[in-house]
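Student: predicted structure and sequence below. I'll ask about it afterward.
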Amino acid sequence: MEIIIKKDALSGSHAAARVVARLVCEKPTAVIGLATGSTPLMLYKQLIHLHKEEGLDFSKVTTFNLDEYIGLPADHEQSYRRFMNENLFSQINIKMGNTHVPDGMAKDVPASCAAYEQAIANAGGIDLQVLGIGSDGHVGFNEPTSSFASRTRIKTLTKQTVADNARFFGGDESKVPHHCITMGIGTIMDARMNILLAFGANKAEAVAATVEGPVASIMPSSILQHHPSAKLFIDEAAATQLKLADYYRWVYDGKPDWQKDA
Ligand code: PGA
């Protein structure tokens, strides 16, 4: 695991955007896994900037989002499909037909989940997966004790996640759906590269457990210790509980320039 500590969320997001941009330049047909929530917003803003100002071309890129709430239609203001359309897809030259978000209104959820997995496989697998992290260590909506072998499926959110996400629903926890469809941990681990972004003091505990704690399903993100190519982009506030923070800074500062954003 590579830990990249930047002074703030903006510089961490820009460093992560360079990794995504490099992939898209090197492989125009890249398959990218995307995340929602507040964390990746600055990353998406920077990708839009790179598209508009530097011609970063998404016309052949395919995307798969991690998760979606069950029961929210695509045009609901808190659906993750709508979040992606508004915050990224409508502002770059990606073909909407190449973007995928689990269907929160699927009548047959298991069949829809199996089809999602098949679509990822048909696209050749995910080259790079963008991840946020919940305060409870979830990645996607894989809540604590999710199986490390899990694939795309229905999950029930924890009360902690419902409380964390109530801010998007006017602070009203009763409006937050309790069920979701999420890629599994196994799906995420199949991505050829994972980049996890975490900013702010409320993520410090989860970041420390992810990087330096035992690998255990009670902290789903800790499985990334087993991933051959996982990078964490974090800010100083999210790094405060890392025992080896100075070592991670030393490693990063000592890298040759060409490797820094690789
Ligand atoms: P956040 O959510 O980016 O809104 O903090 C992260 C997550 O729940 O994965």
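Tutor: Cool, the structure landed. Numbers count the residues shown, from 1 in each chain.
Student: in space, what's closest to residue 146 - neighbours in sequence excluded?
Tutor: Among residues not flanking residue 146 along the chain, residue 220 sits closest, at 5.2 Å (C-beta to C-beta, 6 or more residues apart in numbering). Every C-beta, even on glycine, is put in place using the N, C-alpha and C of the backbone.
Student: backbone dihedrals for residue 142, please?
Tutor: When quoted as degrees, to the nearest 10, the phi and psi of residue 142 stand at phi -80, psi 100.
Student: what kind of secondary structure is residue 206 in?
Tutor: Put simply, residue 206 is helix when judged by DSSP: H, G, I helix; E, B strand; the rest coil.
Student: I meant to write residue 58 there.
Tutor: Residue 58 carries the three-state label coil when classified by three-state DSSP.
Student: residues touching it, list them.
Tutor: Contacts were defined as C-beta atoms under 8 Å, 6 or more residues apart in numbering; by that measure residue 58 touches 24, 51, 92, 93, 94.
Student: OK, contacts around the fourth one?
Tutor: Put plainly, it is residue 93. By C-beta under 8 Å, 6+ apart, residue 93 lies in contact with 51, 57, 58, 59.
Student: contact residues of the protein facing the ligand?
Tutor: By the criterion of C-beta under 6 Å from any ligand atom, the positions of the chain lying close to the ligand are 37, 38, 39, 132, 133, 134, 138.
Student: restricted to buried residues, select those in ChimeraX.
Tutor: The following ChimeraX selection, which keeps only the buried ones among the residues of the chain next to the ligand, applies the criterion 16 or more other C-beta atoms under 10 Å:
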select :37,39,132,133,134,138
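Student: go through the residues of the chain next to the ligand and flag which are in helices.
Tutor: In this view, the residues of the chain next to the ligand have no member that belongs to helices under DSSP state H.
Student: what's the farthest-apart pair in the residues of the chain next to the ligand?
Tutor: Pairwise distances among these were taken by C-beta to C-beta; the largest, 14.7 Å, belongs to 38 and 138.
Student: just checking, residue 117 touches residue 182?
Tutor: No: contact criterion C-beta atoms under 8 Å: residue 117 and residue 182 do not qualify, at 11.9 Å.
Student: give me the more crowded residue out of these two.
Tutor: Neighbours around residue 117 and residue 182, counted as other C-beta atoms under 10 Å, are more numerous at residue 182. The numbers are 27 against 18.
Student: by mean pLDDT, point me to the weakest helix or strand of the chain.
Tutor: Within the chain, no helix or strand scores below helix 159-165, which has a mean of 92 by mean pLDDT, DSSP states H and E.
Student: which of the helices or strands spans the spatially closest residue to residue 181 that is not a sequence neighbour?
Tutor: Counting by C-beta to C-beta, 6+ apart, residue 102 is the residue found nearest to residue 181 once chain neighbours are left out, at 3.9 Å. Assigning secondary structure by DSSP states H and E places residue 102 outside every helix and strand.
Student: perfect, that will be all.
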